[in-house]
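K.L.:
pasted the sequence and its predicted model underneath.
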Amino acid sequence: RMGLGLPTPDPKPEKFGFKLLAQDGKARRGEVSMPRGTIRTPAFMPVGTAATVKFMYPGQVRDLGADVILGNTYHLMLRPGAERIHSLGGLHKFANWKYPILTDSGGFQVMSLAKLRKMSEQGVEFKSHIDGVKHFMSPERSIEIQCQLGSDIQMQLDECTRLPASEDEIERAMQLSLRWAERCKIEFGDRPGQAMFGIVQGGDIPRLREESAQSLKDMDLKGYSIGGLAVGEPQQVMLDMLEVTCPVLPEDKPRYLMGVGTPDDLIESVSRGVDMFDCVMPTRAGRHGLAFTRYGKVNLKNARHKDDHRPLDPLSHCPAARDYSRAYLYHLVKSNEALGSMLLTWNNLAYYQELMQGMRDAIEAGRFEDHKVEVKEGWARGDI
Ligand SMILES: CNc1nc2c(CCc3ccc(C(F)(F)F)cc3)c3[nH]c(N)nc(=O)c3cc2[nH]1
């Protein structure tokens, strides 16, 4: 290959690392690098719940610019089983996604999906929502499962408090999560090419958010998730907690806001210092006939699109947005055709990646605030 004068690819980074490339106010442009690839931040990470991004081929997800996808520890440990995926060569091979995968610890999914949960200092006991079989998830077991899946970025087991909640309840769960972070760090051990993120809890109490962030910072972890948000609180409460939390976290480590969010949540959270995001919004909304575009949301269940020959967005690089009329998409959605979900999922993920690319470019150019105004004006202007 040397003789062919082909460019020699960058040497694969052996270690997990984060590089801050540019800042514009509190907005950060960076790169999270690891052996399987590099994540350009600010980044949106499509949710691949059962090792698949619903209604998308892996190659399609990649072509949209996704550098990383999420895998679901809770679902995969129940079906097909972590040991089975391990013996089949791990999650990357199983799902044919050779780039970075981030997995959640499963605690959040247990509390939102499983039946008969019992939380203790040791961990959480629960019954599978699929077949009722009893399972026990400890911090150690969660890390063991994420290692069997082979995920590049793993999450500590934590307890996410739903809001509103009492200060005592929020403090108890935050302290438990810190003790579990210590146990996960020990279980994770020394894995240079992978990372285990701590998860900041503390509900909507600034004192508890600062205490949680500071304690996790003292553990010198490779990255930090901000949990316990996007659990029903008003957007302003979420943003206020970011204002309290981000300044405490180390500048040279990535920050991942879990479960967020709408395009407006993303742009407001990036401007407060968040680097990574995940949300079921673009994929779930796509399956329910809702399109995200630069002109705002378009509900393809609405009869006003019945005779509209225009595409969703003629400026988009995504065929789903450019090559199909709203009338056709309305027809597919009303007829509950699979192609409706496929095209709207494709459009929505394309728009989310385009939104992140626009923010990355704007931060590099030092014009993030102006860009934020332009993007919001586009949403406000509405349909073309
Ligand atoms: C929607 N709001 C929200 N989602 C939250 C999540 C789940 C994030 C997640 C991860 C992986 C997947 C997968 F399906 F792709 F696997 C799906 C969702 C949280 N997760 C943990 N551990 N702590 C939290 O405190 C927390 C708070 C969260 N608020």
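P.N.:
Happy to help now that I have it.
K.L.:
now stretch 92-99: average pLDDT?
P.N.:
The average pLDDT for stretch 92-99 rounds to 96.
K.L.:
what segments of the stretch 151-300 of the chain are helices?
P.N.:
Taking DSSP state H, counting those that start in this stretch as the criterion, the stretch 151-300 of the chain contains helices spanning 167-188, 206-218, 235-245, 263-270, 281-287.
K.L.:
correction: the previous question concerned the stretch 1-150 of the chain.
P.N.:
Along the stretch 1-150 of the chain, the stretches classed as helices by DSSP H, counting those that start in this stretch are 58-63, 73-78, 82-87, 91-94, 107-113, 139-149.
K.L.:
lowest average confidence across the ones you listed, which one?
P.N.:
Note on the helices of the stretch 1-150 of the chain: lowest mean pLDDT is at helix 107-113, with a mean of 90.
K.L.:
that helix close to the ligand?
P.N.:
Yes - judged by Cβ under 6 Å from any ligand atom, helix 107-113 comes into contact with the ligand at 107, 108. All C-beta spots, glycine's among them, are computed from the backbone N, C-alpha and C.
K.L.:
helices or strands up against that helix?
P.N.:
Counting contacts by 3 or more Cβ pairs under 8 Å, 6 or more residues apart in numbering; DSSP states H and E, helix 107-113 packs against helix 73-78, strand 124-127.
K.L.:
ok, and for that helix, which residues are buried?
P.N.:
If you call a residue buried by 16 or more other Cβ atoms under 10 Å, then helix 107-113 has these buried ones: 107, 108, 109, 110, 111, 113.
K.L.:
check the offset of it from the chain's centre.
P.N.:
Relative to the chain's own centre, helix 107-113 is displaced by 16 Å; criterion: Cα atoms, centre = their mean, to the nearest Å.
K.L.:
for stretch 281-301, same thing?
P.N.:
18 Å.
K.L.:
equivalent analysis for stretch 92-111, please.
P.N.:
Mean-position distance between stretch 92-111 and its chain equals 11 Å (Cα atoms, centre = their mean).
K.L.:
likewise for stretch 352-371?
P.N.:
Here the centre of stretch 352-371 is set off from its chain's centre by 18 Å, with Cα atoms, centre = their mean.
K.L.:
can you list the buried residues in it?
P.N.:
Applying a neighbour-count criterion of 16+ other Cβ under 10 Å, the buried positions in stretch 352-371 are 352, 353, 354, 355, 356, 358, 359, 360, 362, 363, 368, 371.
K.L.:
for stretch 208-218, same thing?
P.N.:
For stretch 208-218, by 16+ other Cβ under 10 Å, it's 208, 209, 210, 211, 212, 213, 215, 216, 217.
K.L.:
and which of those residues is nearest residue 274?
P.N.:
residue 213 (13.1 Å; Cβ to Cβ).
K.L.:
so what's the closest one closest to, chain neighbours aside?
P.N.:
The shortest distance from residue 213 to any residue other than its chain neighbours is 3.9 Å, reached at residue 248 (Cβ to Cβ, 6 or more residues apart in numbering).
K.L.:
any low-confidence regions in this protein?
P.N.:
The chain contains residues with pLDDT under 70 at 1-10, 384.
K.L.:
repeat that for 80
P.N.:
Low-confidence segments of the chain (pLDDT under 80): 1-12, 49-51, 116, 383-384.
K.L.:
what residues does it put near the ligand?
P.N.:
So far as Cβ under 6 Å from any ligand atom goes, the chain lies against the ligand at 47-49, 70-72, 104-105, 107-108, 155, 158, 160, 199, 227-231, 258-259, 278.
K.L.:
please narrow the residues you listed to those residing in strands.
P.N.:
Secondary structure defined by DSSP state E assigns 47, 48, 70, 71, 155, 199, 278 of the residues of the chain next to the ligand to strands.
K.L.:
which of those residues are buried?
P.N.:
47, 48, 70, 71, 155, 199, 278.
K.L.:
can you get me a residue count around the residue lying closest to residue 35 once chain neighbours are set aside?
P.N.:
Excluding the flanking residues, the one nearest residue 35 by Cβ to Cβ, 6+ apart is residue 193, at 4.4 Å. When neighbours are counted by other Cβ atoms under 10 Å, residue 193 registers 13.
K.L.:
contact partners for residue 193?
P.N.:
By Cβ atoms under 8 Å, 6 or more residues apart in numbering, the residues touching residue 193 are 14, 15, 16, 34, 35, 36, 152.
K.L.:
taking the stretch 251-384 of the chain, what residue is nearest to the ligand?
P.N.:
residue 259 (2.1 Å; Cβ to the nearest ligand atom).
K.L.:
mean neighbour count, the helices and strands packed on helix 107-113: which tops it?
P.N.:
helix 73-78 (a mean of 24; mean count of other Cβ atoms under 10 Å).
K.L.:
quick one, the lengthiest helix in the chain and helix 263-270 angle?
P.N.:
In terms of residue count, the longest helix belonging to the chain (DSSP state H) is helix 338-364. Counting by axes from the mean of the first three to the mean of the last three Cα atoms, to 10 degrees, helix 338-364 points 30 degrees away from the direction of helix 263-270.
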